[in-house]
Each structure stands twice: as C-alpha cells, then as structure tokens.
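*Asks:* Sequence isn't available, so here's the structure alone:
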C-alpha cells in the first residue's frame, strides 16, 4: 500500500524543498536590493544589457505581432461589418497583453538564459566562492543589480514595444487594408486609456523581476559542471516563462476587477 504512494510523496517533498529554497533566496535577494552598499558599475551594465540590447528582438516581435493582429482582426470583423474596430482591438491587445507578455517571454529566453549561464559558470568554477573569500557578498554583487535592472528596465522596453506594435497595426491597416490614416490614429488615440498602459507597464515590471529572479536562482544553485549549467539555463527559461503566464492571469484579473468596478 505504501510503495505506490512513495513517488508521489517524494515529488511533493521535493516541491516543498524547492519552494522553500526559492522563498529564502527571494527574501535574501530583495533585502540586498534595498540595503547598501550598491555596485553602480554592475547595475549600469545590467541596465544596458536588459534595456538596450534587447530592443531589437523585442521590437521585431512587437511589430509583427501588431501586423498579424490587424490582419486577423480584419478577417474576423469583416464578417460582421465591424472593420472600424480594428484600431481599438490592436491598441488594447498590444498595451494590455501582447506587449508585456511577448516582451517578457523574449527577455526570459535571452536575458534569463544568459544570467543563468553566467552565474552558473561562476558557481561551478568556484568564482562565487572566490567573491566570498574576497569579502564580497555574491548576492549583493551578482543578484541584486540584476533584479533591480530587470524590474526597472522592462517597463521602458515594453513601452517602446507598445509603440512599435501599434505602428505595425497601423502599417497593415493603412497600406494593406486601405484604412484612412487620420481616422485610424484618431480611433487609436481616443480608445486607449491610462489604465490600459499602466496595467501593461505594471505587468512588465513584475515580469522583469520574475525573469531575473529565475535566471539568478537557477544559476546560483547550479552544480555538476557544464551539464549542470545547461540544465540550470533550461530550467531558468522554462520556469520564468511559466511564471510569466501565471502572473499574467493574476494581474489581468486584478486590473479587470478594477476596470469593472471603475
């Protein structure tokens, strides 16, 4: 009777151990983010890495998402003679959902994997232990700047992605579907609200924190040489992507409740 339940119990205990270790890592990392000393050079490097070097991939993703969204919306709305609502659907979908989610997933694949690989390599080559020997706290030197940079920079990246995505829908609607440019811009400007933009930027900040947290956590606890680093990199991307989708629903539910009550 006990043997069939043993794998379930082992998996549950392993899950609790991982959740506990992640919680302790989270509390420790956040505490170092708000307590001096701060490593300005490391923070500046991460701000540039997350904010500037991710713009090409996020911009390409956003503009094609806006273009495809305009085409698909036209295909559906043409059946009900509601083509005029395409501008509204594009700007709402981009600012509330597609902008932050797609940017978060792209940055999880690029930045989360890079952080896990970098910190994981430092862990297995004992460079993290060397920092401790040199009286430098690894959490404050390696983890805290990445968490701060991800939380700060991703909203700026998503704001630019929103503009590019809406512009992609504008290009398709005007030059492919024959919409009037001034009417399209006017419909977009009149329909979008402050809550639409703010909700997307709040999501972006949370997604940036999640991505950097998962990258740092899995890299910091990697072991087993090159194979362990590869496993940590994969786990960082997968866990960050899943958490982004989960928290996207939670945040959407919160803002939807505020929108309905307002």
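*Replies:* Yep, it's here. Nothing here was measured: the structure is a model prediction, and the numbers come from that model. Numbering: from 1, shown residues only.
*Asks:* gap between residue 191 and residue 44?
*Replies:* The spacing between residue 191 and residue 44, counted by CB to CB, to the nearest Å, is 38 Å. From N, CA and C alone the C-beta is placed, and that goes for glycine too.
*Asks:* Which one's more surrounded, these two?
*Replies:* More crowded of residue 191 and residue 44, by other CB atoms under 10 Å: residue 191, with 15 against 12.
*Asks:* Model confidence for the more buried one, exactly?
*Replies:* Model confidence at residue 191, expressed as pLDDT, equals 84.
*Asks:* which ones are touching it?
*Replies:* Residues counted as contacts of residue 191 (CB atoms under 8 Å, 6 or more residues apart in numbering) are 87, 88, 91, 92.
*Asks:* Relative to residue 31, how far out is the last one?
*Replies:* Using CB to CB, one obtains 38 Å as the distance from residue 92 to residue 31.
*Asks:* quick one, which of those two is more surrounded?
*Replies:* residue 92 (17 against 12).
*Asks:* Packing partners of the helix or strand containing residue 76?
*Replies:* Residue 76 is part of helix 55-77, with elements assigned from DSSP states H and E. On a contact count with 3 or more CB pairs under 8 Å, 6 or more residues apart in numbering; DSSP states H and E, helix 55-77 meets helix 86-93, helix 99-107, helix 144-175.
*Asks:* So what's the residue count around residue 190?
*Replies:* For residue 190, the neighbour count with other CB under 10 Å is 11.
*Asks:* List the residues that contact the residue nearest the centre of the chain.
*Replies:* With distances taken as CA atoms, centre = their mean, residue 104 lies nearest the centre of the chain, 2.4 Å away. By CB under 8 Å, 6+ apart, the contact set of residue 104 is 154, 203, 204, 207, 208, 210, 211, 244, 248.
*Asks:* Quick check on residue 176: phi, psi?
*Replies:* Main-chain torsions, residue 176, degrees, to the nearest 10: phi -110, psi -40.
*Asks:* Can you give me every residue that contacts it?
*Replies:* Going by CB under 8 Å, 6+ apart, residue 176 touches 70, 71.
*Asks:* Read off the pLDDT value for it.
*Replies:* So residue 176 comes in at 87 (pLDDT).
*Asks:* name the element residue 185 belongs to?
*Replies:* Per DSSP H and E: helix 181-191 holds residue 185.
*Asks:* low pLDDT regions in the stretch 1-150 of the chain?
*Replies:* Residues of the stretch 1-150 of the chain meeting the criterion pLDDT under 70: 1-2.
*Asks:* Tally up the residues packed near residue 131, please.
*Replies:* Neighbour count for residue 131, taken as other CB under 10 Å: 17.
*Asks:* ok, for it, nearest residue in space, not its chain neighbours?
*Replies:* In space, and not counting its chain neighbours, residue 131 is closest to residue 138: 4.9 Å by CB to CB, 6 or more residues apart in numbering.
*Asks:* quick one: the one you found from residue 145, how far?
*Replies:* Computed as CB to CB, the residue 138 to residue 145 distance reads 12 Å.
*Asks:* quick one, which of the two is more surrounded?
*Replies:* Taking other CB under 10 Å, residue 138 and residue 145 do not tie; residue 145 has more neighbours (24 against 19).
*Asks:* Does the more buried one touch residue 46 like I think?
*Replies:* Yes. Look at residue 145 against residue 46 with CB atoms under 8 Å: they come within range, at 5.0 Å.
*Asks:* quick one: common contacting residues for these two?
*Replies:* With CB under 8 Å, 6+ apart, residue 145 and residue 46 have no common neighbours.
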